[in-house]
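In: Here is a sequence together with a model predicted from it:
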Amino acid sequence: MDSSSLMQYILTGLAQGGLYALIGLGFVLIYNVTGIINFVQGEFVMLGAMLAVTYERMGLPLPLVIVFAVVSVALIGAGLEVISIRPARRATPLTLIIITIGLSMAVRGIALLIWGTDPLVIPAFSGGGPIKILGGALMPQQFWILGATAVSVLGLYIFLDLTVMGKAFRACVINKMGASLMGISPRRMSTLAFALGAAVGALGGVVFAPTLASYDMGMALGVKGFVAAVLGGLTSVPGVILSGFIVGIGESFGTAFISSGYKDAISLFILLLVLLVRPQGLFGIYGGKRV
Amino acid sequence: MKKRMLMLMSVVLVFVLVFVAGCGSASTTAPTSNEKKPFVIGAVFDITGPASSLGIPEKNSAQMLVDQINKAGGINGHKVDLKILDDKSTPAEAALDIKQLIEQDHVLAVIGASTSGASMSMVPIAMDKQIPMVSAAASAAIVRPASDHKWIFKTAQPDDLVAKVVVTYLKAHNITSVAFMPVNNDFGNSGLKEFQAQAGAAGINIVTVQKFEASDTDMTAQLTKVKDAKPQAVIVWSTPPSAAYVAKSYKQLGLTMPQIQSHGIGNKSFIDVAGDAANGVIFPAGKLLAVDTLSASDPQKSVLSKYASDYQAAFPGQALSTFGGHAYDATNMVLDALKASGDNPTASSIRDQLEKISNYPGITGVFNMSPSEHNGLDTSSMVWIKIANGKWTLDQN
Amino acid sequence: MLLEVNNLGKSFGGVKALQGVSFSFAQGQIGALIGPNGAGKTTLFNLLTGVFPPSSGEIHFRKRLLNGMSAVQISALGMARTFQNLQLFTNMSVLENVMVGCHGQTKTGLLGAALRLTSRKEEKHIRKTSLEMLDKVGLMDYADSPADTLPFGQKRLLEIARALAMRPEIILLDEPAAGLNPTESRFLVDLIYRIRSEGATVVLVEHDMETVMELADKIVVLDFGEKIAEGTPVEITRNDRVIEAYLGREVQQPA
Ligand SMILES: Nc1ncnc2c1ncn2[C@@H]1O[C@H](COP(=O)(O)OP(=O)(O)OP(=O)(O)O)[C@@H](O)[C@H]1O
Ligand SMILES: [Mg+2]
């Protein structure tokens, strides 16, 4: 194997890992505020991809396709929270997780009715051939994926660190009781968390839509994002991003040197191993929460 | 500790979820007639799941044919009741489906399934219950040897036939080293086996075999290995969408040797997903894809034209696919066997009629069944198609 | 009356933490709530601020019945508090903690926030007010330090600044002087006078009698969850039950 092959495995892993990181970010946002592992996350990705196809076919220009798809899914995410999570607020975390699993099945079923079973795609965001980097190659669309990850992290940073609402959001993560006595409604923040989680998931779906938009794509991607999130400790933004890339690169090398058939097993195996040795994840702080 | 439990719990849940998602059931039932007792036949297709791009045109084609027959008064005054079940692209569901069709619906014959894996899981049940089954899937093993598969027929070109077509092409183009990329399921693995069986004798060296999963969306890792092995051509044995991701990754890595795909990409979905990465791909296929450029003297010309125009009238906006053709042929054969069986057709009379089919022009090819041959196609049923500008064109080379 | 409590009770399982407590505080008063350890003072604050609902009785604030309202709704009516066991937002800077207190003054809705439409002007304004609050409690120099690096006494002051940022009608201080050195205590007393002079009503829970007697216009005394006395500092010092409650258990009082 020469160095250009090695580079290719790394690049492929990075591009895929960027998507996993983005999906994992949604898990982290929602988990931190609500304590829920939201298994609808993968379906938010699917909805983002599907709506991108729909809006693209309506003839909207690309920037509007992206914005509309992300905003639509954010609203869907907030709506789902209000109708299904909020009424069950007092339930145990496990019950809430099961609710999200049920929701994800419902969302998938509805998507099947709306969009059918054919895999759909939209044109790549920018044309042109592969871009060479140190002997490896990436398609322009894969840079869009990495860009979307970067934009999401930056956007979240701006929101969480530089706006009052974002600070209120973090306050709610750190100390829910204290925050509610400051007039910050944990219920609104839970809705906001779902909206944000849905938005970053949808963005992942939109940038992935030139590769695949299919009603059943959500679960596989959701599982990868979940692995990245847990690996990263579930509470840390830098942790989930790094873990996303670790999962992506691990998968790419696993495909090349073991078999692509085992790559899902490999990422879950890594996850189990990490959980047994370090239950708080690679980057988590035991017991403490941070965003 | 609580947190650790929660996480482990959720991992377990993920597994459960993945499993559960594969289960469940759905079915479509055609309305029954109220005159003479209807003839009930069954079909199992991959209507949802990764092979749905095969199963949907198959379902449509079978239903279209049955609707046409019923509109024309049925068979000898009997309406035909076609029960279609979805196996969700999984062999386990396919086995359950055929059991349900035979035991609950008492069907006279079963059409399907769409893929080799699903079909293979139905074979022992059809054999055991002695119900004729006509598969639309590729693998030769579904019907061979015919002596052990008395009740099983199939309409798609078998892999060994396609492998022969591919080997012939390679020899004609002086290609002696190839990389082989099968999808890791029955279709790909059977293609690999048949190709390996014939390549050696033809002096063709397989320098690397790189498998991928039907659900994969990025094949750059496998293709990087292919690139390192420096073959003269790459042979891909898969169905969309995974086949299309090979083409995409091929373009990404800038590979220039010929990309030969299989008959598994004979539907529009390949071009839709691969986009301009589809251009330049060549593959062997039934004549349906080249129906417009076919000479009038071709024995299949008229049946192909009728199917093409009927299908596009019944399902406007949906592209033709060779898979729909396989199911169309299978359904047509069963209906003709019913016709020839008189007022009281039985499973065994239908089976006997199917075995008598000869010189039968279908969408897939001209069929000649016999007690020792339950597929009955030869290499003349295939042509080479090249994708150029996002369109199928007859490749004359 | 600004704050009126009628026959208030709270039990935790079998434990009656509060029972039949009634009192009121008027606008602009500095009120004090005293009583031995475990008397139910913090529990009373928790009921007032909606941390948990009362088991019986009623709370009226600004002529509104608080029973059934959430902590968020009550805070919106103008009630702010500090905590005996600090509840700062660790991992956030000192300034950010105060800015969170200002959160209620932002007008941008949830959707706007999600879309990042909060106006920059509004944010600038909030930053400015928050700095003023920090200045008021003398923490200006620590604005950018992480909140959990502050010494204990200053954390108490930060909680007060954060509560003040909510622009409350009434501010409830739970043992604000505990753990403060004499200089800090002196500063605290001045601060409380200043808060009152700016129009807010103050209610404090305090063990240090000297501070209480100096500050309070009106004192309510709790013992074993029941009110045993109510009145001016002078009346309270002469009350037999109060003397008994305190002296009788002097031995068990922690230092
Ligand atoms: N959440 C709770 N659950 C159960 N019991 C509680 C709870 N909160 C308070 N208590 C009980 O109520 C009683 C009053 O406690 P509270 O904290 O109100 O006393 P306090 O007057 O604030 O005492 P201190 O001077 O020590 O702060 C105590 O017996 C305490 O154990
Ligand atoms: Mg207390």
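Out: Yep, that arrived. Ligands and ions are numbered 1, 2, ... in the order given.

In: For B:Ala118, which non-adjacent residue is spatially closest?
Out: Excluding the flanking residues, the one nearest B:Ala118 by C-beta to C-beta, 6 or more residues apart in numbering or on different chains is B:Ala94, at 3.7 Å. C-beta coordinates here come from the backbone N, C-alpha and C atoms, glycine included.

In: Using the three-state scheme, assign the one you found.
Out: Secondary structure, DSSP: H, G, I helix; E, B strand; the rest coil: B:Ala94 is helix.

In: so it makes contact with B:Met122?
Out: Yes. Taking C-beta atoms under 8 Å as the definition, B:Ala94 is a contact partner of B:Met122 at 5.3 Å.

In: longest single helix anywhere in the chain?
Out: Since no chain was named, I'll use chain A. helix A:3-34 (DSSP state H).

In: my bad, the chain I had in mind was chain C
Out: Longest helix in chain C, counting residues (DSSP H): helix C:120-137.

In: any idea how chain B splits into domains?
Out: Segmentation of chain B into domains, based on automatic domain parsing, reads B:39-157+B:296-377, B:160-291+B:383-394.

In: Which parts of chain C are strands?
Out: C:3-12, C:15-25, C:30-34, C:56-61, C:64-65, C:79-81, C:170-174, C:201-205, C:218-223, C:226-231 (DSSP state E).

In: Let's have the ones you listed in TSV, adding mean neighbour count and mean pLDDT.
Out: Compiled in TSV, the strands of chain C are given as follows (neighbours: other C-beta atoms under 10 Å in any protein chain shown; pLDDT from 0 to 100):
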stretch	mean neighbour count	mean pLDDT
strand C:3-12	18	94
strand C:15-25	18	92
strand C:30-34	24	94
strand C:56-61	18	94
strand C:64-65	12	93
strand C:79-81	27	94
strand C:170-174	24	95
strand C:201-205	24	95
strand C:218-223	24	93
strand C:226-231	18	92
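
In: closest point of the stretch 201-350 of chain B to chain C, which residue?
Out: B:Thr217 (30.0 Å; C-beta to the nearest C-beta).

In: show me the residues around that residue that make contact.
Out: A:211-212, B:241-242, B:245 (C-beta atoms under 8 Å, 6 or more residues apart in numbering or on different chains).

In: So what's the residue count around B:Ile47?
Out: For B:Ile47, the neighbour count with other C-beta atoms under 10 Å in any protein chain shown is 25.

In: helices or strands up against the longest helix of chain A?
Out: If contacts are counted by 3 or more C-beta pairs under 8 Å, 6 or more residues apart in numbering or on different chains; DSSP states H and E, helix A:3-34 sits against helix A:41-57, strand A:136-138, helix A:140-162, helix A:164-174, helix A:186-208, helix A:218-231, helix A:237-257, helix B:220-229.

In: What residues does the stretch 101-250 of chain B have near chain A?
Out: Residues of the stretch 101-250 of chain B lying close to chain A (C-beta under 8 Å from any C-beta of the partner chain) are B:184, B:211-213, B:215-218, B:220-222, B:224-225, B:227-228, B:240-241, B:245, B:248.

In: Can you select the buried ones from the residues you listed in PyMOL?
Out: Buried subset of these, written as a PyMOL selection, criterion 16 or more other C-beta atoms under 10 Å in any protein chain shown:
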select buried, chain B and resi 184+211+212+213+215+216+217+218+220+221+222+224+225+227+240+241+245+248
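
In: Could you check how many residues crowd around the closest residue to A:Leu181 other than its chain neighbours?
Out: Using C-beta to C-beta, 6+ apart and skipping residues adjacent in sequence, the residue nearest A:Leu181 is C:Ala71, 5.2 Å away. Per other C-beta under 10 Å, the neighbour tally for C:Ala71 reads 24.

In: One more: C:Arg186?
Out: By the criterion of other C-beta under 10 Å, C:Arg186 has 12 neighbours.

In: Specify which member of the contacts of B:Thr217 is nearest to ligand 1.
Out: Nearest to ligand 1 out of the contacts of B:Thr217 is A:Leu212 (C-beta to the nearest ligand atom; 51.8 Å).

In: For C:Leu3, which non-adjacent residue is spatially closest?
Out: Per C-beta to C-beta, 6+ apart, closest to C:Leu3 is C:Phe25, 4.7 Å.

In: Same question for B:Ile260.
Out: Nearest one to B:Ile260, counting by C-beta to C-beta, 6+ apart, is B:Ile235 at 4.8 Å.

In: how would you label that neighbour: helix, strand or coil?
Out: strand.

In: Residue ranges in chain A under the pLDDT threshold?
Out: Along chain A, the parts satisfying pLDDT under 70 run over A:1, A:283-291.

In: Tell me the residue of it that sits nearest ligand 1?
Out: Of all residues in chain A, A:Met177 sits closest to ligand 1, at 11.3 Å by C-beta to the nearest ligand atom.

In: Shouldn't that residue be within a helix?
Out: Yes. According to three-state DSSP, A:Met177 belongs to a helix.

In: Tell me how many other residues surround it.
Out: Count around A:Met177 with other C-beta under 10 Å applied: 14.

In: My guess is it contacts C:Val51. True?
Out: Yes. Look at A:Met177 against C:Val51 with C-beta under 8 Å: they come within range, at 6.7 Å.

In: Right, I'll leave it there.
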